[in-house]
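Visitor: Give me the fold of what follows.
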Amino acid sequence: MSVPYEVAQELARLSGLVLSTADLDAALTTVTQVATAVVPRCDGTSLTMRDHGRPTASAADGDWARTLDAVQVEEQEGPCLDCLREGAVMRVKDLAEDGRFPNYGPRVAAELGARSTISVPLSADGRTVGALDLYSRQPDAFDTQDVALAVLLAAHASLALQAANAFFSSRDLAGQLQDALASRAQIEQAKGLLMRDHRCGPDEAFRHLVERSQQANRKLRDVAAELVQQAALS
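Guide: As a prediction, the model looks like this:
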């Protein structure tokens, strides 16, 4: 299929997710916004992702799509869940009449104004990790060209989200390690102060620090930081 210039521009946004978003949640939201922008007659998009093996309504471009996704997870029925389970594209021409989803379709989705939908699997390392869910208020709104475009979007989104997840996970881990090193340094400084004041060894100084932490019901690193700060001001 030939890709219009406007669509190519939106796909380019996906390739720059790591540079243009602050965290993984923002990256997920951007994916839904791009999908709604490029697929004709799409009125809302959401992402259903696996969280410790369980489907979760992870992101959406608005409250309407988010609700449609969340209800599927709550009801344990709907095209996005089938897409996740089977790793296959799900296209529903009319949710009000589709017999595959007797509770979610006519009783919930149609009442909320959703009539047709496409769910496309997102893959990572050969596994289905999520589903890109596109909704329309019109029955039979999506044709085969729209499905092909949604599949193309999902392929780009899968790669972009893998990169974003790796980047933000590494960044968060680096931040945690930095905090841990800073905490350790303060604890060692506090121990040195206690060794000086109590004329004791490092083990006894650490016990003094732990006792202060327990008595104040505060974290050890916070007690150590306060002790170091007080010594600096005295």
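
Visitor: middle-most residue in the protein, spatially?
Guide: residue 25 (4.4 Å; C-alpha atoms, centre = their mean).

Visitor: In contact with that one, which residues?
Guide: residue 59 (C-beta atoms under 8 Å, 6 or more residues apart in numbering). C-beta here means a position set from N, CA and C on the backbone, and glycine is covered the same way.

Visitor: Verify the contact between residue 56 and residue 50 for me.
Guide: Yes. Using C-beta atoms under 8 Å, residue 56 is in contact with residue 50, at 7.2 Å.

Visitor: hey, where'd the strands end up in the protein?
Guide: 44-51, 54-60, 90-92, 116-124, 127-136 (DSSP state E).

Visitor: so who does the closest residue to residue 191 other than its chain neighbours touch?
Guide: Nearest non-adjacent residue to residue 191, counting by C-beta to C-beta, 6 or more residues apart in numbering: residue 205, 4.4 Å away. By C-beta under 8 Å, 6+ apart, the residues touching residue 205 are 191-192, 194-195, 198.

Visitor: Could you do residue 79 as well?
Guide: 72, 90, 92, 100-101, 117, 119, 133.

Visitor: likewise residue 121?
Guide: 83-84, 87-89, 128, 130-132, 154.

Visitor: Give the bridge partners for residue 56, please.
Guide: Judged by DSSP bridges, the bridge partners of residue 56 are residue 49.

Visitor: quick one: it from residue 105, how far?
Guide: Per C-beta to C-beta, to the nearest Å, residue 56 is found 21 Å from residue 105.

Visitor: what about those two, which has more around it?
Guide: Counted by other C-beta atoms under 10 Å, residue 56 and residue 105 do not tie: residue 105 has more neighbours, with 24 against 15.

Visitor: Residue 93 is in contact with the more buried one, correct?
Guide: No. With contact defined as C-beta under 8 Å, residue 105 does not reach residue 93; the gap is 11.1 Å.

Visitor: got the domain boundaries for this protein?
Guide: Per automatic domain parsing, the domain ranges recorded for the chain read 5-168, 175-233.

Visitor: which stretches of this protein have low pLDDT?
Guide: For the chain, the stretches flagged by pLDDT under 70 are 1-5, 7-9, 11-22, 163-182.

Visitor: just the helices in it please.
Guide: 5-15, 17-20, 24-38, 63-75, 79-86, 104, 144-198, 202-216, 220-233 (DSSP state H).

Visitor: can you pull the buried residues of the third one?
Guide: Spelled out, it's helix 24-38. Across helix 24-38, burial judged by 16 or more other C-beta atoms under 10 Å covers 24, 27-36, 38.
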